[in-house]
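Engineer: got a sequence here, can you build the structure:
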Amino acid sequence: MNKLHYYEQRQGRVGDATSLLSQYQAVRQQSEALCAQLEVEDYGIQVASFASPPKWHLAHTAWFFETLLLKPYQEGYREFHPLFAMLFNSYYDTIGEQHPRPERGQLSRPTVKEVYQYRAYVDEHMAQLLHDAEHPNSSDIVSRTRLGLNHEQQHQELFLTDLKYNFAYNPLKPAYANLPIPAQQGATPLQWLSFEAGLRSIGFQGKAFAFDNETPRHKTYVEGYRLATRPVTNSEFIDFIEDGGYRSSDLWLSDAWKIVCQERWKAPLYWQREDGRWSYMTLAGMRPLDMNAPVCHVSYFEASAYARWSNKRLPTEAEWELAASSIPIEGNFVETGYLQPVAAYHAG
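Structural biologist: Residues are numbered from 1 along each chain as shown. All right, here's what the predicted structure looks like:
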């Protein structure tokens, strides 16, 4: 998903309160817009411990602003509900207790209606806080609000990821939305870019937003390497499958091979083969496999096995960051409406 471009904060003030508030409202409205396609029965479902219900995502992102901004910085603020701090905390041990993650789908209450009321209550008080340009903690309010907006955008991505897993569990394979189908064209020819060995700098620098794990910028040494100009396609991964990739123990790490055998892996998650044809689960339901799109929903173990099969290796984080740092940020973002990876020729 695209990140918003935030205005620089002003020293000693909340900054451009109108612009920050409009950004806040846009992100919050986007979360609710993503839920417009849901039926009420969809909001509470959790079919795996790692796939949270939609209404939990809606409430947790409100909890962030209530807990980290309104409670410490708005004088006289009263919690919407005293137990929501426990129900919708995720893993912040220093902040308080949490309801067990695997049991989020067991809660019929609060209702969906109450969750939306909670969001509206938090939004009303956040608007008041962001308008208080003379607040003594204005700098902290700006930085935490920016963090909260990026945090909510992360949960928008996670909302769709979890919803897809929840829907794929259903034998009906329901569609979240009627999404556009990318034009079918040949994949971009795979080429290789060479990078010289040397001492390089990686990590974030600049005035824009960054998460704390993206800093500090630091030096690291890399050997010379070559990196492919595009990801592996579904068609190329099928070659791995048909060559016995999931049956060849020598391609897999020891722990990986145990899982392959235990879980009976035969293809990436969401893939199905019927009458010799591959299809896969998307947020638009089951669709024919796009042969030229990047392969996704593979684990590190599967990616490693494919790389070994193809006589290559996976890039390190430093190698990937150095290669990508000079490439313009463009391609298949949320605005395309695809809500899934598409072939490299769409990258522009």
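Engineer: care to break the protein down by domain?
Structural biologist: 17-169, 192-347 (automatic domain parsing).
Engineer: pick the most buried one from the ones you listed.
Structural biologist: Comparing the domains of the chain by mean neighbour count (mean count of other C-beta atoms under 10 Å), domain 17-169 comes out on top with a mean of 17. To be clear about C-beta, it is placed using only N, CA and C from the backbone, and glycine gets the same treatment.
Engineer: pLDDT on that domain, on average?
Structural biologist: In this model, domain 17-169 has an average pLDDT of 95.
Engineer: and the strands in the protein, which stretches?
Structural biologist: In the chain, the strands defined using DSSP state E lie at 192-195, 198-202, 218-222, 225-228, 271-274, 277-282, 285-288.
Engineer: restricting to C-alpha, output the last one in CSV.
Structural biologist: Provided in CSV are the C-alpha atoms of strand 285-288 (Å, rounded to 0.1, in the frame of the first residue of the first chain):
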residue,chain,number,x,y,z
GLY,A,285,-12.4,-15.7,-5.1
MET,A,286,-10.8,-18.5,-7.2
ARG,A,287,-9.2,-17.5,-10.4
PRO,A,288,-7.0,-19.1,-13.1
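Engineer: what packs against that strand?
Structural biologist: Where contact means 3 or more C-beta pairs under 8 Å, 6 or more residues apart in numbering; DSSP states H and E, strand 285-288 is packed against strand 277-282.
Engineer: one step back: any chance of the domains of the chain in JSON lines, with distance to residue 185 too?
Structural biologist: Formatted as JSON lines, the domains of the chain follow (distance: least, C-beta to C-beta, whole Å):
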{"stretch": "domain 17-169", "distance to residue 185": "25"}
{"stretch": "domain 192-347", "distance to residue 185": "6"}
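Engineer: quick one: which of these is nearest residue 180?
Structural biologist: Closest approach to residue 180 among those (C-beta to C-beta): domain 192-347, 5.2 Å.
Engineer: that older thread, so which of the domains of the chain gets nearest residue 186?
Structural biologist: domain 192-347 (6.6 Å).
Engineer: and that closest one, how far out from the chain's middle?
Structural biologist: Domain 192-347 has its average C-alpha position 15 Å from the chain's average C-alpha position, going by C-alpha atoms, centre = their mean, to the nearest Å.
Engineer: ok so, going back, and of the domains of the chain, who's closest to residue 175?
Structural biologist: With respect to residue 175, and counting by C-beta to C-beta, the nearest of the domains of the chain is domain 192-347 at 3.6 Å.
Engineer: check contacts around residue 180.
Structural biologist: Going by C-beta atoms under 8 Å, 6 or more residues apart in numbering, residue 180 touches 336, 337, 338.
Engineer: how about the residues you listed in JSON lines, adding pLDDT and distance to residue 30?
Structural biologist: Output for those, formatted as JSON lines (pLDDT from 0 to 100; distance: C-beta to C-beta, whole Å):
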{"residue": "336", "pLDDT": "91", "distance to residue 30": "15"}
{"residue": "337", "pLDDT": "93", "distance to residue 30": "13"}
{"residue": "338", "pLDDT": "94", "distance to residue 30": "16"}
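Engineer: now, those residues that are in helices?
Structural biologist: Of the contacts of residue 180, none are assigned to helices by DSSP state H.
Engineer: sorry, back to before: among the strands of the chain, which is nearest residue 320?
Structural biologist: Among the strands of the chain, strand 225-228 sits nearest to residue 320 (C-beta to C-beta), with 7.4 Å.
Engineer: for the closest one, name the packing helices and strands.
Structural biologist: Partner elements for strand 225-228 (3+ C-beta pairs under 8 Å, 6+ apart): strand 192-195, helix 317-324.
Engineer: including mean pLDDT, could these go into JSON lines?
Structural biologist: Converted to JSON lines, these look like this (pLDDT from 0 to 100):
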{"stretch": "strand 192-195", "mean pLDDT": "96"}
{"stretch": "helix 317-324", "mean pLDDT": "95"}
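Engineer: hmm, back to that, tell me the one among the contacts of residue 180 nearest to residue 118.
Structural biologist: Nearest to residue 118 among those, counting by C-beta to C-beta, is residue 337 at 28.9 Å.
Engineer: so that closest one makes contact with residue 179?
Structural biologist: Yes - under the criterion of C-beta atoms under 8 Å, residue 337 makes contact with residue 179 at 6.1 Å.
Engineer: find the residues that touch each one of these two.
Structural biologist: By C-beta under 8 Å, 6+ apart, no residue touches both residue 337 and residue 179.
Engineer: ranges for the helices of the chain?
Structural biologist: 17-34, 54-65, 71-73, 84-87, 112-131, 138-169, 234-242, 254-263, 300-309, 317-324.
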